[in-house]
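# I need the structure of the sequence given here:
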Amino acid sequence: MRRYVAAIDQGTTSSRCIVFDRGGAVIGVAQREHEQIFPRPGWVEHDAETLWRNTEAVVTEVLRDLELGPGDLAAVGITNQRETTVVWERATGKPIHNAIVWQDTRTDKLCVELGGAEGPNRYQERTGLPLSTYFAGPKLRWILDHVDGAMARAEAGELCFGTIDSWVLWNLTGEHVTDVTNASRTMLMDLRTLAWDPEICADFGIPTAVLPAIRSSSEVYAVPESGPLAGVPVAGILGDQQAATFGQACLEPGEAKNTYGTGNFMLLNTGTTPVVSKHGLLTTVCYRLGEQDAVYALEGSIAVTGSLVQWFRDNLGIIASADEIEPLARSVADNGGAYIVPAFSGLFAPRWRPDARGVIAGLTRFVNRAHLARAVLESTAFQTREVVDAMRADAASQRLGLELTTLKVDGGMVCNDLLMQFQSDILGVPVVRPVVNETTALGAAYAAGLAVGYWSGTDEIRANWSADTTWHPEMGEDERAGHLTAWNKAVERTYGWVD
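Residues are numbered from 1 along each chain as shown. Just a heads-up that it's a prediction; the model follows:
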């Protein structure tokens, strides 16, 4: 019997392959970082061929280290940085431009043009998304407009578009496919039909011949014929935040998770009916298992959280490694009155202000580097509170009957106990970290394993989940309110920086 399931996790800063057993425990991991390319201010790119080479390398490495062969794997799942956009030649598989990363803001003017007189909410009822530089559709249009001959080649069917899941699957199997979760991040898919919307594609000027087939999140898409995964069914695809939601076993309406990575992403399961937010959140497909009805979520996307720690380390040089920030922040009792709003790419949910840019507010001579370290961590908690408030407002105004009583957390930053305690304090609810923190890769593994019968059903997934640490709020209401008032004053000072 095949003993394990693997997951490819192609993220914003690295590519990983993780192998899991039936209990959802990590058996082995391999990881490689890749270069962040910044051609101009606001532009962020990746070399797509490097992403694939690194992906292939980490698969080979983890299987070699574990002394496993393809015959030991029941299936492999894929999870990915979602809106990052690649266009490649159908005949050769060669990209025609660097991948444009989800953080990239070059399509700001195009998004205004596409909104026309109706503005940024022109397509929100159908797609669940406001017009924003964040999403893949405008990035695709930019590539077709700016690479010589690309539009004509796309119309002739010579080019393929994909988010990173499609790029990885193409290189593994030659299939041009995406799943519903990634398709829901393009602005080109109708949330209710789960199909490409021909009218929106026409408005965007995107030929449908360039688009991948949309499939469920859990089914056998293809079986590689060669390479380190030869003979292993590729059977699960979930965008990274949806994968983390699935890996956290948020399988019932009202269950939510927050992932603390390069950015922060909170998803609230809303069941089988899409709920269009009135308070700045995104409506997205959470997952779809085979032929079952799709499950939807409300999402709050925050652009800069873990990457603020990287900026603090790399750009300012205040710390030498990310793990130095917690002891530095603990060396002072509070933030000294300083607040950092990291609007490096504008503000995402729930404010959606592309004109904003980052500020450090409340500086006095008293503030030192330790206070700034604390402000870096606290900014993540404050931004998360804004998203929770928006979710509560949507739930109340639309009478959803959903209430967040605890928050499940995962991602690289949740090992920071100071941040997690402050997060609980600012939210006023318990924060729970699971035993298995690799929930993004685990969700993709679950989707793949379910498709081939490795796991019998979602009850087994729920049984695998267990809590590791729970933080309870300790902050008084007056102190919490004071922090939130100061935070809002700081955020308002970011507005209008870019014309």
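# okay, CA-based contacts and neighbour counts for the rest of this
OK.
# Out of all residues in this structure, which is the farthest from the middle?
In the chain, R365 marks the outermost C-alpha relative to the chain mean, sitting 37.8 Å out by C-alpha atoms, centre = their mean.
# Surely Y134 forms part of a strand?
No. Y134: not assigned to a strand; according to DSSP: H, G, I helix; E, B strand; the rest coil it is coil.
# excluding its backbone neighbours, what's nearest it?
Ranked by C-alpha to C-alpha, 6 or more residues apart in numbering and with sequence neighbours excluded, the top spatial neighbour of Y134 is W102, at 5.3 Å.
# V168 contacts W52, correct?
Yes. Under the criterion of C-alpha atoms under 8 Å, V168 is in contact with W52, at a separation of 6.5 Å.
# of the two, who's got more company?
Neighbour totals were compared for V168 and W52, and V168 leads with 26 against 19 (other C-alpha atoms under 10 Å).
# and whichever strand or helix holds that one, how far from the chain's centre?
Counting by DSSP states H and E, the element that carries V168 is helix 164-173. Taking C-alpha atoms, centre = their mean, to the nearest Å, the mean C-alpha location of helix 164-173 is offset from the chain mean by 18 Å.
# ok, and what's touching that helix?
Counting by C-alpha atoms under 8 Å, 6 or more residues apart in numbering, the neighbours of helix 164-173 from elsewhere in the structure are 10, 52, 78-82, 84-86, 93, 175-178, 182, 212, 222-225, 227, 237, 239.
# Just give me the neighbour total for the closest residue to W455 other than its chain neighbours.
Nearest residue to W455, sequence neighbours excluded (C-alpha to C-alpha, 6+ apart): G449, at 5.7 Å. Here the number of neighbours of G449 (other C-alpha under 10 Å) works out to 30.
# Could I get the contacting residues of G449?
Neighbour list for G449: 5, 74-76, 235-236, 455 [criterion: C-alpha under 8 Å, 6+ apart].
# go again using 10 Å as the cut-off
4-6, 22, 73-77, 218-220, 233-236, 443, 455-457 (C-alpha atoms under 10 Å, 6 or more residues apart in numbering).
# Just to be sure, it is in a helix?
Yes. Note on G449: a helix contains this position according to three-state DSSP.
# Filter the contacts of helix 164-173 down to the buried ones.
10, 52, 78-82, 84-86, 93, 175-178, 182, 212, 222-224, 237, 239 (16 or more other C-alpha atoms under 10 Å).
# Which of the residues you listed fall within strands?
Using DSSP state E, the subset of the buried ones among the contacts of helix 164-173 located in strands is 10, 78-80, 85-86, 177-178, 222, 237, 239.
# List just the nearest of those residues to F135.
Proximity to F135 was ranked across these by C-alpha to C-alpha; first place goes to T85, at 8.9 Å.
# The closest one against L144, yeah?
No. Contact between T85 and L144 fails when scored by C-alpha atoms under 10 Å: they sit 11.6 Å apart.
# Give me the common contacts of the two.
Overlap of the contact sets of T85 and L144 (by C-alpha under 10 Å, 6+ apart) consists of 97, 138.
# Show me which pair in the ones in strands among the buried ones among the contacts of helix 164-173 is furthest apart.
Of all pairs drawn from these, the widest gap by C-alpha to C-alpha lies between T85 and A222 and measures 22.0 Å.
# Just the CA atoms of stretch 248-264, as CSV, please.
Written as CSV, here are the backbone C-alpha positions of stretch 248-264 (Å, rounded to 0.1, in the frame of the first residue of the first chain):
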residue,chain,number,x,y,z
GLN,A,248,-7.3,23.7,9.5
ALA,A,249,-10.5,21.7,9.1
CYS,A,250,-12.6,24.8,8.8
LEU,A,251,-15.3,22.7,7.1
GLU,A,252,-18.5,24.2,8.6
PRO,A,253,-20.0,27.7,8.1
GLY,A,254,-18.7,30.1,10.7
GLU,A,255,-15.3,28.4,11.1
ALA,A,256,-12.3,30.7,10.3
LYS,A,257,-8.6,30.7,10.1
ASN,A,258,-5.9,33.3,9.7
THR,A,259,-2.6,32.6,8.0
TYR,A,260,0.4,34.7,8.9
GLY,A,261,2.8,34.6,6.0
THR,A,262,4.2,37.1,3.6
GLY,A,263,0.8,38.7,4.0
ASN,A,264,-2.1,37.8,6.2
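# how about T406, phi and psi?
Dihedral pair for T406: phi -140, psi 160, per degrees, to the nearest 10.
# distance of it from A370?
According to C-alpha to C-alpha, to the nearest Å, T406 and A370 sit 30 Å apart.
# Of the two, which one has the most company?
A370 (22 against 19).
# tell me what whichever strand or helix holds V112 is packed against?
Assessed by DSSP H and E, V112 sits inside helix 108-115. Packing contacts for helix 108-115, counted by 3 or more C-alpha pairs under 10 Å, 6 or more residues apart in numbering; DSSP states H and E, involve helix 136-146, helix 198-204.
# Go ahead and confirm T60 touches I18.
No. Taking C-alpha under 10 Å as the contact criterion, T60 and I18 are not neighbours in contact, 11.2 Å apart.
# which residues do those two both contact?
Counting by C-alpha under 10 Å, 6+ apart, the residues touching both T60 and I18 are A30.
# Can you list which of the contacts of G449 are found in helices?
Here DSSP state H is the test, and the contacts of G449 give G443 as lying in helices.
# Below-threshold pLDDT in this protein: ranges please.
Across the chain, the ranges flagged by pLDDT under 70 are 1, 398-402.
# mind redoing it with 50?
Per-residue confidence for the chain (pLDDT under 50) gives no ranges below the cut-off.
# At which residues are the helices of the stretch 351-499 of the chain located?
In the stretch 351-499 of the chain, the segments counted as helices under DSSP state H, counting those that start in this stretch are 369-397, 417-427, 439-451, 458-464, 477-492.
# now those helices in TSV, with distance to W352?
Formatted as TSV, the entries for the helices of the stretch 351-499 of the chain read as follows, by distance: least, C-alpha to C-alpha, whole Å:
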stretch	distance to W352
helix 369-397	12
helix 417-427	21
helix 439-451	25
helix 458-464	34
helix 477-492	12
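# nearest to E155, of those?
Taking C-alpha to C-alpha as the criterion, helix 439-451 is the member of those that comes nearest to E155, at 32.9 Å.
# list the contacts for I214?
Shown here is I214, whose contacts under the criterion C-alpha under 10 Å, 6+ apart are 176-184, 189, 194-196.
# about what we covered before: and for V168 and W52, which residues touch both?
Common neighbours of V168 and W52, counting by C-alpha under 10 Å, 6+ apart, are Q10.
# circling back to that earlier point, can you list contacts of the helix holding V112?
Applying C-alpha under 10 Å, 6+ apart, the set of residues contacting helix 108-115 from outside is 107, 118-123, 130-135, 137-139, 141-142, 200, 203-204, 354-355.
# Just after that helix, pick out the following helix or strand.
Scanning forward in sequence from helix 108-115 by DSSP H and E, the next helix or strand is helix 124-127.
# I'd like to know which elements that next one is packed against.
Packed against helix 124-127, as judged by 3+ C-alpha pairs under 10 Å, 6+ apart, are the following elements: strand 189-190, strand 282-287.
# could I have that helix exported to PDB, CA atoms only?
The C-alpha coordinates for helix 124-127 follow below in PDB (Å, rounded to 0.1, in the frame of the first residue of the first chain):
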ATOM      1  CA  GLN A 124     -18.000  42.400  -7.700                       C
ATOM      2  CA  GLU A 125     -21.500  40.800  -7.800                       C
ATOM      3  CA  ARG A 126     -20.300  38.200 -10.300                       C
ATOM      4  CA  THR A 127     -16.700  37.700  -9.300                       C
END
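# Please, a PyMOL command that selects the buried ones among the contacts of G449?
For selection in PyMOL, the members of the contacts of G449 meeting the burial criterion (16+ other C-alpha under 10 Å) are listed in this command:
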select buried, resi 4+5+6+22+73+74+75+76+77+218+219+220+233+234+235+236+443+455
